[in-house]
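S.K.: Build me a model from this:
(chains A and B)
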Number of protein chains: 2
Amino acid sequence: MTRFAVFTLTLFVGLGGITTMPVYSDEGMWLLNEPPTSILLTKYNFELTPEWLENARLSSIRFNNGGSGSFLSADGLIITNHHIGADALQKLSNKDRNLFRDGFYAKKQSEELKCNDLELNVLQEIVDVTQQVNDAVKPNMSPAEASAARRAAMSAIEKESTEKTKLRSDIVTLYQGGAYHLYRYKKYVDVRLVFAPEENIAHFGGDVDNFEYPRFCLDICFFRAYENDKPAQVKNYFKFNPNGPVENSLVFVTGHPGTTNRLETYDKLIHRRDVTLPINLSRLRMMEATLTQYSEKGPDERRQANNDLRRVANSRKAFSGQYAGLLDPTVLEEKKKQETNFQLRVKLDQGEEELDKFLKAQKRIADIQKEFTKFEKEYSMLERGDAFTSELFTIARHIVRLAEETAKPNSERLREYRDSNLESLKLQLFSPAPIHKDLEIQKLTASLTFFAEVFGRDAPIVQKILGGANPQKRATSIINRCKLFDPEFRKELVSQGVQGLDVTSDDMVQLARMVDADARTFRTLYEEEVEEPERQAFSELAKLRFKAFGKTVAPDATFTLRIAFGTVKGYETDAKENIPFHTTFEGLYSRATKLQNREPFELPKRWLEGKSKLDLKTPFNFVSTADTIGGNSGSPVLNEKGEFIGINFDRNRYGLVRNFLYTDVQARHIAVHSKGILEALKKLYDCQALVDEITR
Amino acid sequence: MTRFAVFTLTLFVGLGGITTMPVYSDEGMWLLNEPPTSILLTKYNFELTPEWLENARLSSIRFNNGGSGSFLSADGLIITNHHIGADALQKLSNKDRNLFRDGFYAKKQSEELKCNDLELNVLQEIVDVTQQVNDAVKPNMSPAEASAARRAAMSAIEKESTEKTKLRSDIVTLYQGGAYHLYRYKKYVDVRLVFAPEENIAHFGGDVDNFEYPRFCLDICFFRAYENDKPAQVKNYFKFNPNGPVENSLVFVTGHPGTTNRLETYDKLIHRRDVTLPINLSRLRMMEATLTQYSEKGPDERRQANNDLRRVANSRKAFSGQYAGLLDPTVLEEKKKQETNFQLRVKLDQGEEELDKFLKAQKRIADIQKEFTKFEKEYSMLERGDAFTSELFTIARHIVRLAEETAKPNSERLREYRDSNLESLKLQLFSPAPIHKDLEIQKLTASLTFFAEVFGRDAPIVQKILGGANPQKRATSIINRCKLFDPEFRKELVSQGVQGLDVTSDDMVQLARMVDADARTFRTLYEEEVEEPERQAFSELAKLRFKAFGKTVAPDATFTLRIAFGTVKGYETDAKENIPFHTTFEGLYSRATKLQNREPFELPKRWLEGKSKLDLKTPFNFVSTADTIGGNSGSPVLNEKGEFIGINFDRNRYGLVRNFLYTDVQARHIAVHSKGILEALKKLYDCQALVDEITR
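M.R.: Okay, the predicted model is just below:
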């Protein structure tokens, strides 16, 4: 299905020697402090200036619930995807007000709705702290000591930075351990909802069209950042270009890609294929089935489960695509070829001694996978919490661990409880967002059932957790009597520390305590037997890679700000059909008609009745070759001038294998066209103030 | 969730001694040749006469696609469930005619639609052949020899019977090997569709309400048996009683329960819990997700996948219920208690020597489970075909095996290719029913993906089957070029025998050949290491049981005709709510309104517009304590006079554990009330001729 072009520099290192003329592809989610300046100059004759980059950096926003966005006005107006705003929309809804489904518009600023627990980050500065982090690890340390020393060093740097700058400070591990950069963010925690369209136009085509193209989605949502109860005044924002992209033009995407695995070794990908993905797919199908069945019970159940269901379905489709990619021998052969070329280059350029380092690191990574396989299920179920899919459980675990961890020095705590992260953690923990009892029961029942399926009913850990009940009885009994629905109760418990935990009769808290020793055991095993040794081995490979290729390959995605570039152009499908680079409103209406305007192709009333108001030739969605992945949802698409010409929301099916390999033959990311956004807002939504604000 | 009443005779054998007054429950799916005459006399003072039984037997029908039905007129008119007729409805539909969704009524006999491949069986006679079958197995035979000898004896008896009586003749294994009965059936293969209501009223509430009560479903469908192109003239049929059941009255259900596991040992149930059910649930979720996603693509895809999807969803819900039951320690403790009581009774009544036999048989069954665990996945994937969910694959396998098996003597063939079964097999194999290409591709892709997940991509068998492709590429390539869509091509291939297989370029046929050696290996292992030794061990237990209790316990269900009895009455839910024994049309409308008349609670137009024509107080569905399970769908519910008072279509959630334990406290089967059927047919459907035929 997916064909691979000859694309990255590494591929040109053949057995016959090294070509002298590098041909660059559009691959790369580049660091803002290591931008692809020379590639852009060579390939596109485009000069990426520091000023351009600075404006892009300060206008780009990370949505901490897993997406991206950007400023579109000096008054802190923000655009993101509807599916990134969905979590906030859902939490602002209730039985009588379904903002997720029906949309929202605040005509005046006073009507803008404050979100429950949304945190946004804007990157202010990057500092390379690789040396400091690595210096903490001494040559003769055991993996356990190394892991602890590294964690302590990182927490200390972060804490110092937070105290000094008052900025959120996170160390990011790049190149799987090849580099450590400190990211300093300005944080916004007062974020208010300005505008959302109806679910049915934002997600037109639903799961059927997800990761497909041509597409017809108004996947947008507007928020506004506030400071001191007033709209935040920002110096940097993207100018909204009302005309959108020109075919074959150079475009940029700035955003926060979540995870890629392109620098992982062949053996690690085999582990993903044979161990990690199958169990995850199995779990996702189980959870999707549960949420679908819950949703069918009635309109209110549907509202409650909607966001969970879309996220799970999206992951299932993305992981299925990854798995299909890894099951295809041509994909892994390509990875193998890249690795062989890398090895050859090390041998030719750096000599036998370095080659030996290469082979040892490679071997070590392979061995680590075998070790991980022995306890990966236990780690995922108990520590990652796959056996306890429940918001209340997550809350209970944090409360339990907060009490224990904050009693320790900052340097010795689990990463997420380091001082510099506590504020953000508590924003989530004490969120007044509604939690739905019946949905919680269903989710916990399903995940406990899956837990029993994986380990067997008689396994000691299953016996311990289920006791004398089956999953449904256990889940029902815990959740029916749980008091953690109330944020005040959570605060009270947190304030009481370990003493509070000892006396509370809340079964969910007691469940979290009951599994904690086992969970921590597997976490430690993971950190000491997998994470730290992998970092060391990958760091070795990274050094060799830098020597061999310089920084011509971007690090794998880490949910931090990156810049990608590409060309706006269509492609040919496997069935030899030519797909133009953009769709139109006309295409939307004809698809809805063809599919009998029936879910998930049911148009909102506003769109059915307003058809005659629209210029149907208006471009709606478009594609480019820029390199994106999940987490880039909501990323602005920019032209050479750095103007907003669209908003990324998806990629096509050919892009599903991008976790492992980039290709620009057929793979595309998909964006809403700025002209389409404007036409819809102007003609169908009565929101002149919003239109004025983005176009003035 | 489920509480257990003191119910069967065995439970009264306590450590303190044996009670003298047996208290009978309504448990039992009784053999027609070993009816519960004395229990009915004792408990209900009802005399079950041979005439009553004979009429019930000759009026009850087995639907060979997995359900039950009954004659309602002398002209061969048959009633069954809509969900049992669904397969035929689907096969009679096309892009422009969706009988499954929209319903059907033939006003005249000439308009009745001939089904593609529906075979009905009416039981004429039962002969006990236990002695003959067991005599074939000599004491010193190895399991392999015993298995072959038993199979040969069975095929010979069946062949002789078919030739002598011209009746379909199947030997049924009862009590897991404790007895063998020869069943002789009159076969109907010209079956025509008379009437079906709309899907939305037949399955009102869809998956949400499946296995739930109160219910509101017109789950009925009428067919007519034909002989020599004329309506079959039948002497026996059930008189339609227009008033339905009276509360607390005795009722009967005659039908074909598929599978129960009540006489299985504790160890075998543990095996089901820990090995069989988890992998099956995982596969069902995967297939349900695939079919749901396919259905969402558009109306025609929905039509194509509808019946598959409903069947898979139904199995998923039933298996989930079974699994939840086995995860509940109280259920298995109850089984353990029964087994201990049985053991005690053997010891007390029959002595140490018999106790030793008991313990050895029990141990042997436990050992067999361990053996089976070693290859159960291979057996399910390759031989049962779980890796190849595709109608075309099923066809290809039969074509491949027919050629090989029919070249052997009858006695040496795999069971399904014995002479006496070939006619029925070919009816399916050469069916002109449409097969949908894209749906086949999706199903095969999904099952091959699951296959890779379970064994790993590098397993030799996976390598062999997928070759250099991933599941999607492989499935697409096979099915796009497959010629088996055409029944004429199938006939041609079958007529050519092995020579035809050698030269055909059809990849599906070649796939079936490629896996056949492995599949047969695991089948042989299963037959020799599991099936035959289990039969011997269970036969030992059955003998001890007969000695201890007489035939007071019915054999487990075998998809053959059984009679059950029970009382029409409501129950109290876990939430202490009293559920009346019947629902009404009024309840239907109020549920639809409450759920916004939205799928799966969307009423057909006819029902929305016709509301005022109906007497809303008319009973619609009702429940009784009679002992039913899957396969009983479409079974007539009869009053003491043997009159039709309703049609069984489901059981409630408390009945999901019935595979292992019967309880009459809350568990109920659910039926459509004869009064409700008549009211709907008369007032909403313009089908006077049909009404006249069933009521005259």
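
S.K.: starting at the chain centroid, how far to stretch A:662-670?
M.R.: Remark: stretch A:662-670 is offset 19 Å from the chain centroid, using C-alpha atoms, centre = their mean, to the nearest Å.

S.K.: Same question for stretch A:472-484.
M.R.: 31 Å.

S.K.: Ok, stretch A:568-581 next?
M.R.: With C-alpha atoms, centre = their mean as the basis, stretch A:568-581 stands 27 Å off its chain's centre.

S.K.: repeat for stretch A:494-503
M.R.: When C-alpha coordinates are averaged (C-alpha atoms, centre = their mean), stretch A:494-503 and its chain have centres 34 Å apart.

S.K.: Counting neighbours, what do you get for the residue in the stretch 151-300 of chain A that chain B sits nearest to?
M.R.: In the stretch 151-300 of chain A, the residue that lies nearest chain B is residue A:278 (4.0 Å; C-beta to the nearest C-beta). From N, CA and C alone the C-beta is placed, and that goes for glycine too. Around residue A:278 sit 22 other residues, with neighbours defined as other C-beta atoms under 10 Å in any protein chain shown.

S.K.: now do residue A:502
M.R.: By other C-beta under 10 Å, neighbour count at residue A:502 equals 10.

S.K.: ok, which stretches of the stretch 1-150 of chain A are strands?
M.R.: Secondary structure of the stretch 1-150 of chain A, counting by DSSP state E, counting those that start in this stretch: strands at A:13-14, A:17-18, A:30-31, A:60-63, A:67-71, A:77-80, A:104-105, A:113-114, A:120-128.

S.K.: which helices and strands sit right next to the helix or strand harbouring the residue of the stretch 151-300 of chain A closest to chain B?
M.R.: Per DSSP states H and E: residue A:278 is located in helix A:277-295. With contacts taken as 3 or more C-beta pairs under 8 Å, 6 or more residues apart in numbering or on different chains; DSSP states H and E, helix A:277-295 sits against helix A:299-327, helix A:437-455, helix B:277-295, helix B:437-455.

S.K.: Mind checking if the first one is in reach of chain B?
M.R.: Yes. Contact of helix A:299-327 with chain B (C-beta under 8 Å from any C-beta of the partner chain) involves A:299, A:316, A:320, A:323, A:324, A:325, A:326, A:327.

S.K.: can you give me the mean pLDDT across the helix holding residue A:278?
M.R.: The predicted model gives helix A:277-295 an average pLDDT of 96.

S.K.: With stretch A:187-204 instead?
M.R.: Throughout stretch A:187-204, pLDDT has a mean value of 98.

S.K.: With stretch A:514-533 instead?
M.R.: 97.

S.K.: contacts for it?
M.R.: For stretch A:514-533, contacts defined as C-beta atoms under 8 Å, 6 or more residues apart in numbering or on different chains pick out A:143-144, A:146-147, A:150-151, A:364, A:368, A:371-372, A:375, A:378-379, A:382-383, A:387-388, A:397, A:400-401, A:414, A:461, A:464-465.

S.K.: can you check stretch A:576-591 too?
M.R.: The list of residues contacting stretch A:576-591 from outside it, by C-beta under 8 Å, 6+ apart, reads A:204-205, A:213-216, A:244, A:247, A:568-573, A:601, A:603, A:607, A:611, A:614-624, A:673, A:676, A:679.

S.K.: how does it look with 7 Å?
M.R.: A:204, A:213-216, A:247, A:568-573, A:601, A:611, A:614, A:616-623, A:673 (C-beta atoms under 7 Å, 6 or more residues apart in numbering or on different chains).

S.K.: I'd guessed the residue of the stretch 151-300 of chain A closest to chain B sits against residue B:451; true?
M.R.: No. Applying C-beta atoms under 7 Å, one finds residue A:278 not in contact with residue B:451, separated by 11.0 Å.

S.K.: Just to check, residue A:676 is in contact with residue A:619?
M.R.: Yes. Using C-beta under 7 Å, residue A:676 is in contact with residue A:619, at 5.6 Å.

S.K.: neighbour count winner among those two?
M.R.: Between residue A:676 and residue A:619, residue A:676 has the larger neighbour count (other C-beta under 10 Å), namely 27 against 22.

S.K.: Where does the more buried one sit, in terms of helix or strand?
M.R.: Using DSSP H and E, residue A:676 falls within helix A:674-683.

S.K.: following that helix, which helix or strand comes up?
M.R.: As assigned by DSSP H and E, the chain's next helix or strand after helix A:674-683 is helix A:688-695.

S.K.: helices or strands up against that following helix?
M.R.: If contacts are counted by 3 or more C-beta pairs under 7 Å, 6 or more residues apart in numbering or on different chains; DSSP states H and E, helix A:688-695 sits against helix A:674-683.

S.K.: How far does the helix it packs on sit from its chain's centre?
M.R.: That offset, for helix A:674-683, works out to 27 Å (C-alpha atoms, centre = their mean).

S.K.: Excluding its own residues, what touches that helix? List them.
M.R.: Counting by C-beta under 7 Å, 6+ apart, A:218, A:220, A:240-244, A:610, A:613-615, A:618-620, A:644-646, A:687, A:690-691 sit against helix A:674-683.

S.K.: what angle do it and helix A:688-695 make?
M.R.: Helix A:674-683 and helix A:688-695 meet at an angle of 150 degrees, taking axes from the mean of the first three to the mean of the last three C-alpha atoms, to 10 degrees as the criterion.

S.K.: residues of helix A:674-683 that come out buried?
M.R.: By neighbour count on 16 or more other C-beta atoms under 10 Å in any protein chain shown, the buried set for helix A:674-683 is A:674, A:675, A:676, A:677, A:678, A:679, A:680, A:681, A:682, A:683.

S.K.: give me the element residue A:563 is part of.
M.R.: Assessed by DSSP H and E, residue A:563 sits inside strand A:562-567.

S.K.: Within its sheet, name the partner strands of that strand and how each one runs.
M.R.: strand A:30-31 (antiparallel), strand A:250-255 (antiparallel) (DSSP bridges).

S.K.: mean confidence score for the helix or strand just after that strand?
M.R.: The helix or strand immediately downstream of strand A:562-567 is strand A:571-572, counting by DSSP H and E. Computed over strand A:571-572, the mean pLDDT rounds to 97.
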